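Quick one, structure for this:
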Amino acid sequence: MVSDEHYLIDPVRLAFQWTDGPLPLAFVEVARLGPTPTLLPPFPLIGLGNPANPAAKWLDTVVESPVEVHSLVEQVTRHPMAAAAVTNLLRSTADLAMKHALPLESMCYGMLQGSSEHIAWRDARPNALPARPGQLIVTRDNSTLSITIDRPAARNAIDAPLRDALNEAFSLAALDPDVRRVKLRSTGKAFSVGADLGEFGTTRDPANAHGIRALTLPAYPLSRCGKIVDCHVQGACVGSGLEMVAFAGRITAAPSAWFQLPELAMGLIPGAGGTISVPRRIGRQRAALMILSGRRVNAATALRWGLIDAIVDQPPVDPGRADPDRS
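Numbering: from 1, shown residues only. Next up is the predicted model:
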């Protein structure tokens, strides 16, 4: 049972419930659900009960392990604008082609960059020390293109130069018909902890930031060549790192790998293609569960959900050598 009864609503009165006053989220008991409503509320509608119940298919998500009710309540009530935005985005893009869905994600992300929730998070952060720059190593062996993120000192955080290099490398894979396989790897103990937080807020104009993403986001070429991408994940696979990986046709992970989409705590949503790539891997409801809770998902759960295809204990790529063929 949900810890705060204020958020548990009666499915019979569902069509009228949200007119009683603003709610950041609501829970319904799946076993009591009736026909699909003609209108959904503009906030997350979350089920309690069996996710496999056919009546639950129109809900935004259904609570299941490792996510607990209290973590959803805590996260969403702290960041209601971001939670509402991503909920409506996931509903809207579920049936859209990637080329149409990605710009919608970017515009939604840009809107939230100007929100009070994100500004409060940004202003509360201490100034980050600049991290050591990395490199993207791209090699080709006949029809195989190997791409290695090599910034282990920063846990392979993706800064602007790495983002631009990834965009260029995946564009090559998407445009060259002779490239039939792409191996995506990274050096060190973490696959990637996501976007470099030291760069957050450097572009304050949301419209300008949207324009930059339209030209440089690796998700655009990845959405065209993802089927030929083979990725192996070790350690942390967080934020934009996970969003990028989820486009891949085949994903393996080390037993100790874990996955997380933490953007809601920043007053944001996944903005590197994750609201498109992750739902297409694990379904809209489980993607919403990861985004709204911010909880980590281990390799075993990721395999059960279909986020990865196999658990494989491969030796990591050597930092300093960045030889993809050793992974």
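
and stretch 249-256, how far apart are its ends?
When the termini of stretch 249-256 are compared using CA to CA, to the nearest Å, they are 21 Å apart.

One more: stretch 53-62?
Start-to-end, stretch 53-62 (CA to CA) is 10 Å.

Outside of that stretch itself, list whatever touches it.
28, 30-31, 33-34, 36-37, 40, 44-51, 87, 90-91, 284-286, 288-289, 292 (CB atoms under 8 Å, 6 or more residues apart in numbering). Glycine gets a C-beta too; all of them are placed from N, C-alpha and C.

and that stretch, what's its mean pLDDT?
Summarised as a single mean, pLDDT over stretch 53-62 is 91.

How about stretch 266-284?
97.

Can I get it in CSV, CA atoms only?
Extracted in CSV, the C-alpha atoms of stretch 266-284 (Å, rounded to 0.1, in the frame of the first residue of the first chain):
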residue,chain,number,x,y,z
MET,A,266,18.2,17.5,-11.7
GLY,A,267,14.8,18.8,-12.7
LEU,A,268,15.4,17.3,-16.2
ILE,A,269,14.6,14.3,-18.3
PRO,A,270,16.9,12.1,-20.3
GLY,A,271,18.0,14.3,-23.1
ALA,A,272,20.4,12.2,-25.2
GLY,A,273,17.7,10.0,-26.8
GLY,A,274,16.9,8.0,-23.7
THR,A,275,13.1,8.6,-23.8
ILE,A,276,13.2,7.0,-27.2
SER,A,277,15.9,4.3,-27.0
VAL,A,278,15.2,2.9,-23.5
PRO,A,279,11.4,2.4,-24.0
ARG,A,280,12.1,0.6,-27.3
ARG,A,281,14.3,-1.8,-25.3
ILE,A,282,12.2,-2.4,-22.2
GLY,A,283,8.8,-0.8,-22.9
ARG,A,284,7.4,2.5,-21.9
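
Which is the succeeding secondary structure element to the host helix or strand of I46?
I46 is part of strand 45-48, with elements assigned from DSSP states H and E. The helix or strand immediately downstream of strand 45-48 is strand 61-62, counting by DSSP H and E.

Enumerate the sheet neighbours of that following strand, specifying parallel or antiparallel for every one.
Partners of strand 61-62 in the sheet, by DSSP bridges, are strand 45-48 (parallel).

Distance from the partner strand to the middle of the chain?
Counting by CA atoms, centre = their mean, to the nearest Å, strand 45-48 is centred 20 Å from the centre of its parent chain.

Which ChimeraX command selects the buried ones in the contacts of stretch 53-62?
Here is the ChimeraX command that selects the buried residues among the contacts of stretch 53-62 (16 or more other CB atoms under 10 Å):
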select :28,30,33,40,44,45,46,47,48,49,51,87,90,284,285,286,288,289,292
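
Go ahead and confirm A195 touches R155.
No - A195 lies out of contact with R155 (CB atoms under 8 Å); the separation is 11.8 Å.

ok, back up a step: could you give the average pLDDT over the strand holding I46?
93.

Convert the C-alpha atoms of that strand to PDB, please.
The C-alpha trace of strand 45-48 is given here as PDB (Å, rounded to 0.1, in the frame of the first residue of the first chain):
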ATOM      1  CA  LEU A  45      -0.600   7.500 -13.100                       C
ATOM      2  CA  ILE A  46       1.100   4.500 -11.500                       C
ATOM      3  CA  GLY A  47      -0.300   1.100 -10.900                       C
ATOM      4  CA  LEU A  48       0.000  -1.100  -7.800                       C
END
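
N88: which element?
With DSSP H and E as the test, N88 turns up in helix 80-93.

Give me the buried stretch members for that helix, please.
80, 82-90, 93.

ok now do R132, which residues does it touch?
Contacts of R132 (CB under 8 Å, 6+ apart): 151, 153-154.

swap in S143?
So S143 contacts 178-181 (CB under 8 Å, 6+ apart).

Phi and psi next, for it.
phi -90, psi 0 (degrees, to the nearest 10).

Over to R151?
Torsion angles, degrees, to the nearest 10, at R151: phi -150, psi 50.

In contact with it, which residues?
131-135, 157, 159, 162, 187.

quick one: it from L23, how far?
For R151, the distance to L23 equals 42 Å [CB to CB, to the nearest Å].

Likewise for D313?
D313 is 45 Å from L23, by CB to CB.

So which of those two has more stuff around it?
Per other CB atoms under 10 Å, whichever of D313 and L23 has more neighbours is L23, with 19 against 10.

Let's verify the closest residue to that one other than its chain neighbours: helix, strand, or coil?
Closest residue to L23 apart from its sequence neighbours, by CB to CB, 6 or more residues apart in numbering: F43 at 5.8 Å. Of the three states, F43 takes coil under DSSP: H, G, I helix; E, B strand; the rest coil.
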